[in-house]
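In: no sequence for this one, just the structure:
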């Protein structure tokens, strides 16, 4: 039987004062800081800061997506807005492509690290409420945002 072991190191809150958060296109309720993009391998590593108690757009992940909750709570919503899962700080999740959902931060927001690994250059579909694809986000879109971020 596994038991919880109290850490001997201090607990820290994530300090983002040295990060320059940016909007990703016209999307609302989050900002992003991109760590790296490898277009040849369809890999994007980035961190998102969700606004408190807000849901982002309905979308579908088209690639393997690994996440780690750095700060706050990460909330996964069904397409209809009903809470599906609440992921606390420290939770690591690996998700296969295909699931349509909304997501966002809890009452204090959320900082979430993403490591996205695509088999193709298509990483996310943006959907309307009828699950019609409105747009697709590709590796090149993250690369363009990364390049703009580096320019300041």
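Out: Now that the structure is in, tell me what you want to look at. Keep in mind it's a predicted model, so treat the numbers as computed, not measured.

In: would you confirm that residue 22 contacts residue 33?
Out: Yes. Using C-beta atoms under 8 Å, residue 22 is in contact with residue 33, at 7.1 Å. Backbone N, C-alpha and C define where each C-beta goes, glycine included.

In: please say which of those two ends up with more neighbours.
Out: residue 33 (18 against 13; other C-beta atoms under 10 Å).

In: may I have the phi/psi pair for that one?
Out: Phi and psi for residue 33, reported as degrees, to the nearest 10, are phi -130, psi 120.

In: same question, residue 150
Out: The phi/psi pair for residue 150 (degrees, to the nearest 10) reads phi -70, psi -30.

In: measure it to residue 65 for me?
Out: Distance, residue 150 to residue 65, using C-beta to C-beta, to the nearest Å: 24 Å.

In: okay, the two: which has more neighbours?
Out: Comparing residue 150 with residue 65 by other C-beta under 10 Å, the one with more neighbours is residue 65, at 20 against 8.

In: next one: the more buried one from residue 94, what distance?
Out: For residue 65, the distance to residue 94 - C-beta to C-beta - is 8 Å.

In: so what's the residue lying closest to residue 128 once chain neighbours are set aside up against?
Out: Excluding the flanking residues, the one nearest residue 128 by C-beta to C-beta, 6 or more residues apart in numbering is residue 134, at 5.5 Å. In this structure, residue 134 makes contact with 126-128, judged by C-beta atoms under 8 Å, 6 or more residues apart in numbering.

In: closest to residue 85 among these?
Out: residue 127 (18.9 Å; C-beta to C-beta).

In: what comes up buried for the stretch of helix or strand residue 94 belongs to?
Out: Per DSSP states H and E, residue 94 falls inside strand 92-95. Residues of strand 92-95 include none that count as buried (16 or more other C-beta atoms under 10 Å).
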